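> model the following, please.
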Amino acid sequence: MKYVLFLLLLNLQTFAQALQSDDGFFDPARDPIATMRDGKLRLVVSEDILVRSVAVNFKRLGTVEKVERRLLENEWYLTLESRHANDIEQSVFVAVRLKPNEEGNYFADAWWTACTGEGCGSCGYEGRSNGCFCLFDKPGEPGTPGACYQTFSDEPLLSKVPLKFRN
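Numbers count the residues shown, from 1 in each chain. Model prediction:
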């Protein structure tokens with residue numbers, strides 16, 4: 001009898017949590033970004049929603065070319081590689097640290113960094129100890145080195161956004 005009561009309470013709690021998060025929004029303070037399944041970190045939120053969530057506060061983010069999960073210095077990060085919103089020849093790389101909970105879900109941490117290219121076709125990032133670097137020469141000028149400048153913050157980057165895109 002105790003076992004049945006426990007399962008009933010567990011199902012009610014799960015149902016209540018599902019109703020709570022079914023408000024039509026992705027809220028990074030409440031909703032996980034990824035989960036660890038079968039030894040692999042898998043996104044549970046669409047790339048589109050994640051990009052929109054970052055773009056609210058990070059106006060340099062232009063056309064996003066790649067969204068990945070990366071293990072850097074023994075910590076998981078959500079990374080976005082994009083073109084600069086005001087200059088398509090410049091690169092922008094954003095890395096948001098992910099923090100796990102006890103159930104294996106990963107949430108956006110407040111700590112994040114961005115690499116913005118100046119005269120650099122693509123910025124790279126090797127973790128907090130190595131920082132940002134330019135992967136390629138200045139666009140259209142082979143042999144001319146570029147630079148990637150690093151910005152970091154401990155203020156949350158992701159914002160609450162609607163699950164469906166509205167024009």
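> now the helices: where do they sit in this protein?
Using DSSP state H, the helices of the chain run over residues 2-20, 47-55.
> just give me the neighbour total for residue 23.
12 (other Cβ atoms under 10 Å). For the C-beta atoms, the positions are set from N, CA and C on the backbone; glycine is no exception.
> one more: the one 10 residues further on?
By the measure other Cβ under 10 Å, the count of residues near residue 33 is 24.
> what of the one 3 residues further on?
Neighbours of residue 36 under the rule other Cβ under 10 Å: 14.
> same check, this time on residue 155
Applying the criterion other Cβ under 10 Å, we find 8 residues in the vicinity of residue 155.
> state the pLDDT value of the residue nearest the centre of the chain.
Taking Cα atoms, centre = their mean, the centroid of the chain lies closest to residue 78, which sits 3.6 Å from it. The per-residue pLDDT reported for residue 78 equals 97.
> quick check: it vs residue 142, distance?
Distance of residue 78 to residue 142, computed by Cβ to Cβ, to the nearest Å: 32 Å.
> list the contacts of the residue nearest to the centre of the chain.
Going by Cβ atoms under 8 Å, 6 or more residues apart in numbering, residue 78 touches 33, 34, 50, 67, 68, 69, 95, 96, 98, 108.
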